[in-house]
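Asks: this is the structure alone, sequence omitted:
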Ligand code: PDD
């Protein structure tokens, strides 16, 4: 039985209920976070809480908790579900919506209490730091059809859901997206890195991509080990000619992509830079 948290109360997930008049349900008017934990320890917690606060500020929703209160809630959910989930890798999903109002109107209501919902779930084990044994990914590419504010971790995920499904229906695990200028943005639920001739590149942080916490940890960890990541526009052409392609997210950490649109990436094997990146990432990932 999964123990969840809803508006101040811990309860079995199947008993958690909200009103259909919640603005999260009616409008997707809310922010979410996914905080990974390993062996009970959160990865990038301070940066996840910072992004949650930034998202709430962007939507003009008052953050209902201090960082200390969020930290305590995350730790409690992990502890209370440790036995039930029986996994070293546990994700904590947090959602804050603008709240419930008994009248459907687009404008922000006044004096409404945000809805706070959170639950813990067992997630996939982190990638094995071994070029032969790590799980590899196949992806397709597609034109990015989402909205112009992808830097906000909004619960309005229909665009992402449709792009994920596109890849899924093609028998692939992700869909890498490109904008009108044929520059890579991100994937439906991951950020993107490529390697070409030893240079590691990732698209710049702007409104077209989520400020991924894993992306940030990868950049900082590599920098600590003396490797630079160039943040610059990456064309579809560059993606197709890359030696390595990686997906990054809280649940995947750094996942090597070996097939893009049915064509092998580089020589088709997991690259040497990926191993350097995951090694640095593992060294520092609990530090932020
Ligand atoms: N997805 N880009 C998008 C569109 C995402 O949804 C995610 C995360 C990322 C990677 O962000 P981070 O490294 O902070 O997890 C990039 C989460 C895990 C999800 O929606 O389940």
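Replies: Great, that's in hand. The shown structure was predicted, so the numbers you read here are calculated from the model rather than taken from an experiment.
Asks: hey, let's count contacts and neighbours off CA atoms from now on
Replies: OK.
Asks: okay, and the beta partners of the closest residue to the ligand within the stretch 1-150 of the chain?
Replies: Distance from the ligand to each residue of the stretch 1-150 of the chain (Cα to the nearest ligand atom) is smallest for residue 34, at 5.6 Å. Note on residue 34: beta-bridge partners by DSSP bridges are residue 93.
Asks: quick check: it touching residue 94?
Replies: Yes: here residue 34 reaches residue 94: they are 6.4 Å apart, a contact under Cα atoms under 8 Å.
Asks: ok, now which ones touch the residue of the stretch 1-150 of the chain closest to the ligand?
Replies: 48, 91-94, 250 (Cα atoms under 8 Å, 6 or more residues apart in numbering).
Asks: do residue 156 as well
Replies: So residue 156 contacts 27-30 (Cα under 8 Å, 6+ apart).
Asks: turn those into CSV, including neighbour count and pLDDT.
Replies: Compiled in CSV, those are given as follows (neighbours: other Cα atoms under 10 Å; pLDDT from 0 to 100):
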residue, neighbour count, pLDDT
27, 16, 98
28, 16, 98
29, 20, 98
30, 26, 98
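Asks: among those residues, which are in strands?
Replies: Among the contacts of residue 156, the ones falling in strands (DSSP state E) are residue 30.
Asks: residue boundaries of the strands in the stretch 101-250 of the chain?
Replies: 115-122, 137-143, 174-178, 184-187, 191-196, 199-202, 229-231, 244-249 (DSSP state E, counting those that start in this stretch).
Asks: spatially central residue for this protein, please.
Replies: Centroid check for the chain by Cα atoms, centre = their mean gives residue 249 as the closest residue, at 4.7 Å.
Asks: that one contacts residue 215, correct?
Replies: Yes: at 7.3 Å, residue 249 and residue 215 qualify as touching, with contact defined as Cα under 8 Å.
Asks: between these two, what contacts are shared?
Replies: With Cα under 8 Å, 6+ apart, residue 249 and residue 215 have common neighbours residue 191.
Asks: and residue 197, what's its pLDDT?
Replies: pLDDT for residue 197: 98.
Asks: residues contacting residue 55?
Replies: 31, 152-154.
Asks: what is the mean pLDDT for stretch 182-192?
Replies: 98.
Asks: my bad, stretch 220-238
Replies: pLDDT averaged over stretch 220-238 gives 98.
Asks: closest to residue 193 among the contacts of residue 156?
Replies: Each of the contacts of residue 156 was checked against residue 193 using Cα to Cα; the closest is residue 30, at 28.2 Å.
Asks: how about that closest one: what's its closest non-neighbour residue?
Replies: residue 97 (3.9 Å; Cα to Cα, 6 or more residues apart in numbering).
Asks: sounds good, over and out.
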